[in-house]
Each structure stands twice: as structure tokens, then as C-alpha cells.
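Student: Attaching a predicted model along with its sequence, questions to come.
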Amino acid sequence: MSHGKQFTLYTHQAGPNGWKVAFVSTELGLTYESIYLDFGKNEQKAAEYTKYNPNGCIPTLIDHKNNDFVVWESNAIIVYLAEKYDTAHRISASTPNDKVFELQWLFFQASGQGPYFGQAAWFKVYHPEKVPSAIERYQKETARVIGVLDGVLSKQEWLIGGKYSVADIAFVSWTNVALALVLPDAQGINVEKDYPAFWVWHQKLMAHDSIKAVWAERAAVQS
């Protein structure tokens, strides 16, 4: 394993959870080497990888400058990076209350957005047979989660602390999945029109230099 970069990031070319970590790392100016696991070859379940991540999923981060410290689960990785490498709290919470709010949104992203958007994409695109009731259920759940965010963002610009933070960044890649795959033909759902505060927030996130750079990196590895 090369230790030329500070971190090794085990990830996947398309997997949204790995790109969340890349966004935060790039925003903090941290250097990482990405190893893209081939899910078609089941590399994420191989012993060479599960010795780091027993769940056999992506992402996993190894911090070579912290005694090869290993952490998995994308939002746990984000908390680790924020706690250890954002001591100035540029993109993370600085007060006890805001730290709780930060965790609140990271938990909501991990338990609400990721699973529902992921199931929506699975049944819409990847499931071997069409199950209209499942597609409709998860499209509606996707819209419901967006509605939760829209309701909050209609009253404030960012999710915590009045600033752009990891709480916002964590939602970006799965939102792009929803906009590209899940909702374009959803009956009666127009994200830009129905959830305007959410829409404006997501456009601002996508305009950030670090997010643009990582999303371009994603496009390059998929080409």
C-alpha cells in the first residue's frame, strides 16, 4: 500500500457514500489515494478488504499519519475528519449544541436519506424486475426526505451554525442520485418547483470549488 498520501480511501466509482468522504477531505485540504473496489468481482467482500471493514461495504479510510487508524461508515469518517483535522471549525460545529445538531443531521442523512434514496435507485434502475409499488413507495419517501430539508432550509441558509458545514456536505452525493435517477419521471414531483429552498441549497453546494472538483474527479473515473 502506498503511503505517499496521508489517507487511503477504499471506495467505489459510483457509490455515493465514498464521494461524501472525498468532498470533506478535499474541503479540508487533505490528500488521499482512492482505491476503487470492483463490486462486480465482489472485492468489497474479500478478506483483503474485510480485515479493515467487517461490513464489506464502502467507504473505509486509513489515516497513515495516525498510526494507520482505520475507520468505516461514511458519516463516522466525516466526524473523525472534522474532529481531528478541522480544529478551527471552518466546516464543522464549534459549540456543544451545534455539535449535537451536526450529529442529528448526519444521523438523519445516514438513516433517512441514504437508505430511502438508495432503495429508490435500486428498484427504479437495478432490480431485475419492475415492481411499480416499490418504485412509487421509495420515490414518495425520497420526496418526503427532501421535504423535511426544505422545511428547515426555508427558514435558514444552512443546516447548522449559520454556515456551510459537513452537515450540508453529507447530503450532496445522494441528492444527485435522486435528481438524476429517482425523481425525473416521478408522478407529481417537481423538486425545483415544489421544494425551492432545498433546490437553492443544493445548487449552492454544487457550486463550491471543492465539491465541483471532486464531482469532476468522479466523472473522470467513470468515463
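Tutor: Received, thanks.

Student: In which helix or strand does residue 71 reside?
Tutor: Element membership for residue 71 (DSSP states H and E) is strand 69-72.

Student: Just give me the longest helix of this structure.
Tutor: helix 132-153 (DSSP state H).

Student: Quick one: mean pLDDT for that helix?
Tutor: With pLDDT averaged residue by residue, helix 132-153 scores 96.

Student: and it, what does it pack onto?
Tutor: With contacts taken as 3 or more C-beta pairs under 8 Å, 6 or more residues apart in numbering; DSSP states H and E, helix 132-153 sits against helix 114-121, helix 191-194, helix 196-207. The way it works is simple: take the backbone N, C-alpha and C, and place the C-beta from them, glycine included.

Student: Highest mean neighbour count out of these?
Tutor: Counting by mean count of other C-beta atoms under 10 Å, helix 114-121 has the highest mean neighbour count of these, with a mean of 22.

Student: For that helix, name the packing helices and strands.
Tutor: Using 3+ C-beta pairs under 8 Å, 6+ apart, helix 114-121 sits against helix 16-27, helix 132-153, helix 172-177.

Student: Now tabulate those in a markdown table and tack on distance to residue 62.
Tutor: Below are the helices and strands packed on helix 114-121 laid out as a markdown table (distance: least, C-beta to C-beta, whole Å):
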| stretch | distance to residue 62 |
| --- | --- |
| helix 16-27 | 12 |
| helix 132-153 | 31 |
| helix 172-177 | 21 |
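
Student: Of all those, which one is nearest residue 68?
Tutor: Of all those, it is helix 16-27 that lies closest to residue 68, at 16.6 Å by C-beta to C-beta.

Student: Give me the contact list for the next helix or strand after that closest one.
Tutor: Counting by DSSP H and E, the next helix or strand C-terminal to helix 16-27 is strand 32-36. Strand 32-36 has contacts (C-beta atoms under 8 Å, 6 or more residues apart in numbering) with 2, 4-13, 18, 22, 25, 61, 221.

Student: Can you select the buried ones from those in PyMOL?
Tutor: Entered in PyMOL, the line below selects the buried ones among the contacts of strand 32-36, by 16 or more other C-beta atoms under 10 Å:
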select buried, resi 6+7+8+9+10+11+12+18+22+25+61
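
Student: mind listing which of the contacts of strand 32-36 are in strands?
Tutor: Mapping the contacts of strand 32-36 onto strands (DSSP state E) picks out 7, 8, 9, 10, 11, 61.

Student: Show me this protein divided up by domain.
Tutor: Taking automatic domain parsing as the criterion, the chain consists of the domains 7-90, 96-210.

Student: so how far is the first residue of the longest one from its last?
Tutor: From its first residue to its last, domain 96-210 covers 27 Å (C-alpha to C-alpha, to the nearest Å).

Student: okay, which residue of the chain is out on the far edge from center?
Tutor: In the chain, residue 129 marks the outermost C-alpha relative to the chain mean, sitting 27.3 Å out by C-alpha atoms, centre = their mean.

Student: mind checking pLDDT for that residue?
Tutor: 95.
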